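Participant: turn this into a structure:
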Amino acid sequence: MTEYEAVIGLETHIQLNTNSKIFCSCKADSWNDPPNTNICPVCTGLPGVLPVLNRKVVEKAVLLAAAMHAEKIAPVSYMDRKNYFYPDLPKGYQISQYDCSIAKGGYLDVPMPDGEMRRVRIHKLHIEEDAGKTVRQRDRRWIDFNRCGVPLIEMVTEPDLRSADEAAQYVIRLRQLLRWIGVSEADMERGQLRCDGNVSIREKGSTVLNTKTEIKNVNSIENLRDAIAAEIARQIRTVEAGDSVKPWTLDWDDSTNTLRKMRSKETEADYHYFREPDLLPVVLEDAWREDILKDLPELPLDCRQRFMDTYDLPQYDAEILTEDRSRSEYYEKTAAAFGGDPKIVSNWMMNDVLRMLRDSGKSAGELKLSPEYLALIIRAVVDNQITSNTGKDLLEKVEESGRNPEEIIKADGLAQVSDDSALRPVVEALLAANPEQVEAYRGGKETLIGWFVGQVMRESRGKANPQLVREILEELLKE
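Facilitator: Got it, this is the predicted structure:
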């Protein structure tokens, strides 16, 4: 049987997190606004209005281009009119960029689940305005113009991906990067990150680029994976049946997990691009560019590698701790404040702090449990001032109150009891009250030591030093 491989490129539309739209002062984020309430004459394309380019859009585009290792960030770029006629495009054209976009080239390195690093090249990156939204209700279609003029970056990859899973991993890493550098919230369910997949197949080993189809309206990473996998399978069936793949634009219906044809795919010539006459060229002077790029942080994969090298963390830990920038900064501040083994801090972060973040929906930087407070709790446990269980409870108390953990330990009497003279009578009383368990232990059932320790810990309300309790028990049980 013929073996096929997929050839996949992705087009991503990234909604920038600016306060206002790209060419007017209307609020950019209108997710919760009633339909057609966040609009003005400019973003609805009324006659006689003039657009004014939002400076922040250019700055965020330049920052992303640098993070994507762009080969060229243009000192001069131009806005163009992309002409097409949809009900939700009130002007009959979209202001975008065509041949002189703000950036070209670059790449994103994407770690794959099998450990391979796949480099996905970027064809171009350009800024543009969003169109409106068509809403289907029963037998009617309604138009909501709130999204018109929302600033977007469109980024087009080269056809470097070879499977649905690889495409999903690319979007996961792109979303991480967008949030990391602070240019977009990248919430796919809210339309802040939208992805179209260009898919073709060829015989394995071939270098030919065959006819591709485009999958649109994919609103989650799982749907993207499912849609691309379904289209690869459909194309293979088509070719095996002796037919040819047609250049269709396909719609993914996530309610039925099926693809359906929307239309024949447009070509660039269909859009009749020409320069936008109402906007000046975008001139990126050296001083402006340097001012933008001074805010470019260390990138996620570089941070992950540094955590492995500097803190001697396993890759799994480093991966989790660098999933978002706030978490990575929180870890580093805690490790610095603790001053001890950084793996101990990682263990607390991976187990207890991440659970708090999941339960609360907060980012690490929003916790009342500051890195300094977490370091104090870890230090108190390591130095046997409090038990590990008390430390875990203390995390919640600090997060609820925002109080210094040392104050809570003192005020609530949480300090660990490590005095032999205080614990020995408790252990002796326990053994005297449980002669059958003592007999069983001495008869060879040594696993009962854990039960004895647990009873003492309960009696002391978790304050007893468990190691010292164990030592006293082992001494008395041997007598």
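Participant: and for stretch 206-220, what are the contacting residues?
Facilitator: With C-beta atoms under 8 Å, 6 or more residues apart in numbering as the test, stretch 206-220 has contacts from 7, 9, 11, 159, 188-189, 191, 194-202, 224, 227-228, 231, 235, 244-252, 254, 259, 262, 265. Yep, even glycine has a C-beta here, placed from its N, CA and C like the rest.
Participant: and that stretch, what's buried?
Facilitator: For stretch 206-220, a neighbour-count test (16 or more other C-beta atoms under 10 Å) marks K212, T213, E214, I215, K216, N217, V218, N219, S220 as buried.
Participant: G149: neighbouring residues, count only.
Facilitator: 30 (other C-beta atoms under 10 Å).
Participant: tell me the contacts of it?
Facilitator: K21, I22, F23, C24, C26, V42, C43, E129, D130.
Participant: what's the farthest-apart pair in those?
Facilitator: V42 and D130 (13.6 Å; C-beta to C-beta).
Participant: which of those two has more neighbours?
Facilitator: D130 (23 against 19).
Participant: shouldn't that one be in contact with F145?
Facilitator: No. Between D130 and F145 there is no contact under C-beta atoms under 8 Å: 10.4 Å.
Participant: for Q94, pull up the helix or strand it's in.
Facilitator: strand 93-96 (DSSP states H and E).
Participant: next one: R136
Facilitator: Judged by DSSP H and E, R136 forms part of strand 133-137.
Participant: strand partners (parallel or antiparallel) of that strand?
Facilitator: strand 140-144 (antiparallel) (DSSP bridges).
Participant: who touches the partner strand?
Facilitator: With C-beta under 8 Å, 6+ apart, strand 140-144 has contacts from P35, N36, P87, D88, G132, K133, T134, V135, R136.
Participant: lowest-confidence entry in those?
Facilitator: Among the contacts of strand 140-144, R136 carries the lowest pLDDT, at 82.
Participant: show me what contacts that residue?
Facilitator: By C-beta under 8 Å, 6+ apart, the contact list for R136 reads W142.
Participant: what's the offset of the helix or strand of the chain with the lowest mean pLDDT from the middle of its chain?
Facilitator: Every helix and strand in the chain was compared by mean pLDDT, DSSP states H and E; the lowest is strand 258-264, with a mean of 83. Distance, stretch centre to chain centre, for strand 258-264: 30 Å (C-alpha atoms, centre = their mean, to the nearest Å).
Participant: paired strands for it, with orientation please.
Facilitator: Paired neighbours of strand 258-264 in the sheet (DSSP bridges): strand 248-253 (antiparallel).
Participant: what residues sit buried inside the partner strand?
Facilitator: W248, T249, L250, D251, W252.
Participant: quick one: the last one and K261 touch, right?
Facilitator: Translated: W252. No. Under the criterion of C-beta under 8 Å, W252 makes no contact with K261, lying 11.7 Å away.
Participant: may I have the secondary structure class of the residue nearest the centre of the chain?
Facilitator: Compute the mean C-alpha point of the chain, and by C-alpha atoms, centre = their mean the closest residue is Q176, 3.8 Å away. Classification of Q176 using DSSP: H, G, I helix; E, B strand; the rest coil returns helix.
Participant: show the pLDDT at it.
Facilitator: 97.
Participant: I'd say it and R325 touch.
Facilitator: No. Checked against C-beta under 8 Å, the pair Q176 and R325 is beyond contact range at 9.1 Å.
Participant: what touches both of these two?
Facilitator: P300.
Participant: re earlier: which other helices and strands does the strand holding Q94 contact?
Facilitator: strand 80-83, strand 117-129 (3 or more C-beta pairs under 8 Å, 6 or more residues apart in numbering; DSSP states H and E).
Participant: hang on, the earlier thing: which of the contacts of stretch 206-220 fall in strands?
Facilitator: Using DSSP state E, the members of these that fall within strands are 7, 9, 11, 194-202, 248-252, 259, 262.
Participant: and the buried ones among these, selectable in ChimeraX?
Facilitator: The ChimeraX command for the buried members of the ones in strands among the contacts of stretch 206-220 (criterion: 16+ other C-beta under 10 Å) is given here:
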select :7,9,11,194,195,196,197,198,199,200,201,202,248,249,250,251,252,259
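Participant: I'd like the distance between P34 and R136.
Facilitator: 18 Å (C-beta to C-beta, to the nearest Å).
Participant: give me the number of residues near the residue nearest to D226 when sequence neighbours are not counted?
Facilitator: Leaving aside its chain neighbours, D226 sits nearest to N257 (6.0 Å; criterion: C-beta to C-beta, 6 or more residues apart in numbering). Neighbour count for N257, taken as other C-beta under 10 Å: 11.
Participant: I'd assumed A230 was in contact with N257.
Facilitator: Yes. Contact criterion C-beta under 8 Å: N257 and A230 qualify, at 7.2 Å.
Participant: what residues does stretch 304-311 touch?
Facilitator: For stretch 304-311, using C-beta under 8 Å, 6+ apart, the contacting residues are 298, 313-315, 317-319, 321-322, 328, 331, 335, 342-343, 346.
Participant: is the nearest residue to G45 once chain neighbours are set aside part of a helix or strand, or is it coil?
Facilitator: Among residues not flanking G45 along the chain, K91 sits closest, at 3.3 Å (C-beta to C-beta, 6+ apart). Secondary structure state of K91, per three-state DSSP, is coil.
Participant: low pLDDT regions in the stretch 1-150 of the chain?
Facilitator: In the predicted model of the stretch 1-150 of the chain, residues 1 satisfy pLDDT under 70.
Participant: which other helices and strands contact the longest helix along the chain?
Facilitator: The residue-count maximum for a helix in the chain (DSSP state H) belongs to helix 221-240. When contacts are defined as 3+ C-beta pairs under 8 Å, 6+ apart, helix 221-240 packs onto strand 4-15, helix 164-181, strand 193-203, strand 213-218, strand 248-253, strand 258-264.
Participant: if we can go back for a sec, dump the residue contacts of the residue nearest to the residue nearest to the centre of the chain when sequence neighbours are not counted.
Facilitator: Leaving aside its sequence neighbours, Q176 sits nearest to P300 (C-beta to C-beta, 6+ apart; 5.6 Å). Residues near P300 by C-beta under 8 Å, 6+ apart: R173, Q176, L177, W180, T322, R325.
Participant: of those - the most surrounded one?
Facilitator: Most surrounded of these: other C-beta under 10 Å gives T322, at 25 neighbours.
Participant: follow-up on the earlier one: hey, C-alpha coordinates of the strand holding Q94 in CSV?
Facilitator: Output of strand 93-96 as CSV, limited to C-alpha atoms (Å, rounded to 0.1, in the frame of the first residue of the first chain):
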residue,chain,number,x,y,z
TYR,A,93,-12.6,45.6,2.2
GLN,A,94,-10.3,44.8,5.1
ILE,A,95,-7.3,47.0,5.9
SER,A,96,-4.4,44.6,6.1
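Participant: what does that strand contact?
Facilitator: Under C-beta under 8 Å, 6+ apart, the answer for strand 93-96 is 22-23, 51, 79-84, 126-129, 131, 154, 276, 279.
Participant: partner strands of it and their direction?
Facilitator: strand 80-83 (antiparallel).
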